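Trainee: can you look at this prediction? I've put the sequence above it.
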Amino acid sequence: MQTGFVTRPALVFGAESADDVVAAVSYAAGAGLPVGVQATGHGVPGPSKGGLLINTRRMDSVRVDPEARTVTVGAGARWGQVAEAAAPHGLAPLNGTAPSVGVVSYTLGGGLGILGREFGYAADHVRSVDVVTADGVLRHVTRDSDPELFWGLLGGGANLGVVTGLEIGLVPVARLYGGALTFDGTVVDPAAVLRGYEEWTRTLPDELTSSLAALVYPDLPQLPPHLKGRYLVLIRVAFTGSQDEGERLVAPLRELGPTVSDTLREMPYAESPTIHGDPDFPHAFYGDNAVLSSLDVAAAGKILALAGPRAASMHILQVNHLGGALARPAPNAVPYREAGWLIRLLSPLDEAGVEVPRKVHAEAFGLLAPQILGRSLNFVFGGNDRTEGLYDPETLKRLAALKATYDPANLFRNNYDIG
């Protein structure tokens, strides 16, 4: 597992069942050891030392109920497994861009998926949560059985217990129209592409979810020639409507300039990971984000330049269009529903550590300060030393009350895996 951060727990417990998690939590509580949880290692907040690390990767069961349109997963299940199991029934999960991401950690952080504008956050579709709390009790939590704990577990991350399983609703999506338009950032003006993209999103239906990314690909032999060493700007699209309507909707994007590649097409949902083409293994990143009320295109254009080819190190900028179903209220702690945009910066780590990317991020997000509502827990990698902005004051107050009730000794304090 490549993390980029050193984790040195005092003990590691490989759990194979909920009973194992109960035993591990009970032992940690008795020994006064803080507890961290790791499933996939896809997203790691930062370095840690000491305590008990519970690894749940072996708890990877996936069971689809096609009649109820639900899936029940173990703590170690990954979205690729769920999508594969749901596809024969014409169903799809509200997964993110990479099939290797863990279902539980992603969902506990909210879960912003490729169909988010149509269906909302993954957390909005959870039916029940099985969780071991600090007292060593395995609880089956639903909206009816314990509405406040249910609310806090979904969006509150791993601070209230160790989740051993989830029951989540699936959506009736078997195919979509999607793909990516890729522009050469040295041929077209990246700021103009961003400006055109923002204008394009103003009249989109909720059935279309999209994002923009800009990065200089490293000159590595394993990359295909059309990517290697190039500065590219990509617009990614997922639309559940017809292909004809999809073609009509994306037509203005194709007028933004010549493309390096155009992969927009009709596809079975099982092929949706090709839209973003994320690597299927963890990478060493320092990452942070800003949840925005609106997108200041001029400020974002300055961030493009700051993180572009002239930067001293590599940075990946991603701009997510929010709204639609993501703005609808739900019985969980996912904050900032009113947000219109999310901007993320990912900076690959090397031996120099986090100080250089931290400075770039501070400068970049400083440009957006008037529009920033807060930060998204799902996209904080290596920034667990800074907790401000993850929740609005009222949500934070409610979560603190739950923490005092279910974990007064602060047993759960190392969130190893949030992505």
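Mentor: Everything's here; your move. Not measured: the values here are computed from a predicted model.
Trainee: and the helices in the stretch 151-300 of the chain, which stretches?
Mentor: 190-201, 243-254, 297-306 (DSSP state H, counting those that start in this stretch).
Trainee: show me where pLDDT drops low in the protein?
Mentor: The chain contains residues with pLDDT under 70 at 1-6, 41-49, 281-282, 383-385, 414-419.
Trainee: disregarding residues adjacent in the polypeptide, which is nearest to the residue most central in space within it?
Mentor: Nearest to the centroid of the C-alpha atoms of the chain, with distances taken as C-alpha atoms, centre = their mean, sits Asn378, at 4.5 Å. Computed as C-beta to C-beta, 6 or more residues apart in numbering, the closest residue to Asn378 that is not its neighbour in sequence is Gly109, at 3.8 Å. Using the backbone N, CA and C atoms, a C-beta is placed for each residue, glycine as well.
Trainee: ok, how many other residues are close to that neighbour?
Mentor: Burial of Gly109 is recorded as 28 neighbouring residues (other C-beta atoms under 10 Å).
Trainee: which phi and psi does it have?
Mentor: Reported as degrees, to the nearest 10, the phi and psi values for Gly109 are phi -90, psi 0.
Trainee: correct me, but Arg265 touches Gly179?
Mentor: Yes: counting by C-beta atoms under 8 Å, Arg265 touches Gly179, with 5.5 Å between them.
Trainee: out of these two, which sits in the more crowded spot?
Mentor: In terms of neighbours (other C-beta under 10 Å), Gly179 is the more surrounded of Arg265 and Gly179; the figures are 26 against 14.
Trainee: in a helix, the residue nearest to the centre of the chain, correct?
Mentor: Yes: Asn378 sits within a helix when classified using DSSP: H, G, I helix; E, B strand; the rest coil.
Trainee: quick check: it vs Leu194, distance?
Mentor: 23 Å (C-beta to C-beta, to the nearest Å).
Trainee: I figured the residue nearest to Asn378 hits Arg375, correct?
Mentor: No: contact criterion C-beta under 8 Å: Gly109 and Arg375 do not qualify, at 11.1 Å.
Trainee: can you give me the distance of the nearest residue to Asp296 once chain neighbours are set aside to Val233?
Mentor: Using C-beta to C-beta, 6+ apart and skipping the chain neighbours, the partner closest in space to Asp296 is Gln371 (5.6 Å). For Gln371, the distance to Val233 equals 21 Å [C-beta to C-beta].
Trainee: more neighbours: the two, which one.
Mentor: Taking neighbours as other C-beta under 10 Å, Gln371 and Val233 compare with Val233 leading, 28 against 19.
Trainee: roughly how far out does stretch 82-92 sit from the chain middle?
Mentor: 20 Å (C-alpha atoms, centre = their mean, to the nearest Å).
Trainee: buried ones in it?
Mentor: 82-83, 85-87, 89, 91-92 (16 or more other C-beta atoms under 10 Å).
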